[in-house]
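Chemist: Quick one, structure for this:
(2 chains)
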Amino acid sequence: MPIVVTLDVMMARRKMSLNELSARVGVSITNLSLLKNGKVRGVRFSTLEAICIALDCQPGDILEFAKETT
Amino acid sequence: MSPRMLVWSLGATLTLSALLFAAAFVIAVAGPLLGEPLLSSWPAVQLPADEAPLSPDGMAQFRFTQGVLQLLGGDGWLLALKAVDVLVVAALALAILELLRRFASGIRDGRPFGDHVARRLRCIAWLLIAWPLWQVLHAALAQAWLLAHAGRLAPDTVLLHTFATAPPGSPAVRLLVDADIGTAAAGIVLLVVAHAFAHGVAQRRDLEGIV
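Modeler: Residues are numbered from 1 along each chain as shown, chains lettered A, B, ... in the order given. Sure thing, here's the model as predicted:
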């Protein structure tokens, strides 16, 4: 998928663990882990908003568009 | 009631119904073949309504009591119609019960939502709608036979089909159609529910994998 999730980079920058982010965002660790590994089909705006608030960042800081080269 | 209990109850009902329908078929077919007189009955109404009760003498093999016209006797065609009626009703009822049992099995196995469930609901709905349609068809076939043989079976009485106008002066019996409209209405409601269910399943599939 050309959308790459860079949540792990932002979490590392903010020195925030998955447990802490899960508690702040209100999304289960399992789902956050799936999101972090790019194994989800989509993200709700409400989830994105909560992550941006928790990590004090912009949506563009955790999502990237990478053109597929085939 | 727990899903496991529900599946068990539906399974037991299905088995019991199959046995009862088999017994009904055997009684309906084997009785007349073994020399027992074939007894058939249809809902009917006497015209005009304030007339004195029909004389049994004028109705040879017929008996008209409390809104039911009974016929003692009949030919192979009537027997075949009765046998087909039992088979069709049995097929409809058993198919509905089996679909319900599979529906409940899906709930028990933790798969309550899926295309298969919507498909089963739709099937049940069409079967419920087909039920009164069969009753109407069966009544039409039976009425056609009765009217064709009315002269021999009830010489002094005029037999009328459901929509015929009664002739003045002579006692008449209007045959009615015993179709259960409520079943068809339930089928239509279920068809709408199945449609909504199918949409819900599609939306759920779209939302799968969304965090």
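
Chemist: for stretch B:21-36, which positions count as buried?
Modeler: B:Phe21, B:Ala24, B:Phe25, B:Ala28, B:Val29, B:Pro32 (16 or more other Cβ atoms under 10 Å in any protein chain shown). All C-beta spots, glycine's among them, are computed from the backbone N, C-alpha and C.

Chemist: Give the rounded mean pLDDT of that stretch.
Modeler: What stretch B:21-36 shows for mean pLDDT is 84.

Chemist: Buried residues, stretch B:197-205. List them.
Modeler: Using 16+ other Cβ under 10 Å as the test for burial, stretch B:197-205 gives B:Phe197, B:Ala198, B:Val201.

Chemist: and the first one, what does it touch?
Modeler: When contacts are counted by Cβ atoms under 8 Å, 6 or more residues apart in numbering or on different chains, B:Phe197 is found next to B:Val117, B:Ala118, B:Leu121.

Chemist: now do the last one
Modeler: With contacts defined as Cβ under 8 Å, 6+ apart, the neighbours of B:Val201 are B:Phe113, B:Gly114, B:Asp115, B:Val117, B:Ala118.

Chemist: Would you confirm that A:Thr6 contacts A:Leu63?
Modeler: Yes - A:Thr6 lies in contact with A:Leu63 (Cβ atoms under 8 Å); the separation is 7.1 Å.

Chemist: Just the closest residue of chain A to chain B, please.
Modeler: Using Cβ to the nearest Cβ, the closest approach of chain A to chain B is made by A:Arg41 at 3.5 Å.

Chemist: give me the number of residues near that residue?
Modeler: 12 (other Cβ atoms under 10 Å in any protein chain shown).

Chemist: mind listing what it touches?
Modeler: B:Glu208, B:Gly209, B:Ile210.

Chemist: A:Val5 versus that one, what's the distance?
Modeler: Relative to A:Val5, A:Arg41 is positioned 12 Å away (Cβ to Cβ, to the nearest Å).

Chemist: where does the chain have low pLDDT?
Modeler: Picked chain A for this. Per-residue confidence for chain A (pLDDT under 70) gives these ranges: A:1, A:70.

Chemist: Correction: the question concerned chain B.
Modeler: In chain B, residues with pLDDT under 70: B:48-61, B:151-156.

Chemist: which bits of it sit near chain A?
Modeler: B:Glu208, B:Gly209, B:Ile210, B:Val211 (Cβ under 8 Å from any Cβ of the partner chain).

Chemist: which of those residues count as buried?
Modeler: Using 16+ other Cβ under 10 Å, the buried ones in the residues of chain B next to chain A are B:Val211.

Chemist: Sitting in helices, which of the residues of chain B next to chain A do you find?
Modeler: Nothing among these maps onto helices, per DSSP state H.

Chemist: Now the residues of chain B next to chain A in CSV, please, with extra columns for distance to A:Lys15.
Modeler: What follows is those, written out as CSV (distance: Cβ to Cβ, whole Å):
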residue, distance to A:Lys15
B:Glu208, 33
B:Gly209, 29
B:Ile210, 28
B:Val211, 22
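
Chemist: of all the residues of chain B next to chain A, which two lie farthest apart?
Modeler: Greatest spacing in the residues of chain B next to chain A, by Cβ to Cβ: B:Glu208 and B:Val211 (10.9 Å).

Chemist: okay, now residue 12: neighbour count?
Modeler: With no chain named, the answer covers chain A. There are 10 residues near A:Ala12, going by other Cβ under 10 Å.

Chemist: wait, I meant chain B there
Modeler: 11.

Chemist: swap in B:Leu87?
Modeler: B:Leu87: 15 neighbours (other Cβ under 10 Å).

Chemist: How much space separates it from chain A?
Modeler: Using Cβ to the nearest Cβ, to the nearest Å, we find B:Leu87 at a distance of 49 Å from chain A.

Chemist: need the longest helix for chain A.
Modeler: Longest helix in chain A by number of residues, with DSSP H as the criterion: helix A:45-55.

Chemist: who's in contact with A:Leu55?
Modeler: Contacts of A:Leu55 (Cβ under 8 Å, 6+ apart): A:Met10, A:Met11, A:Arg14, A:Met16, A:Leu21, A:Asp61, A:Ile62.
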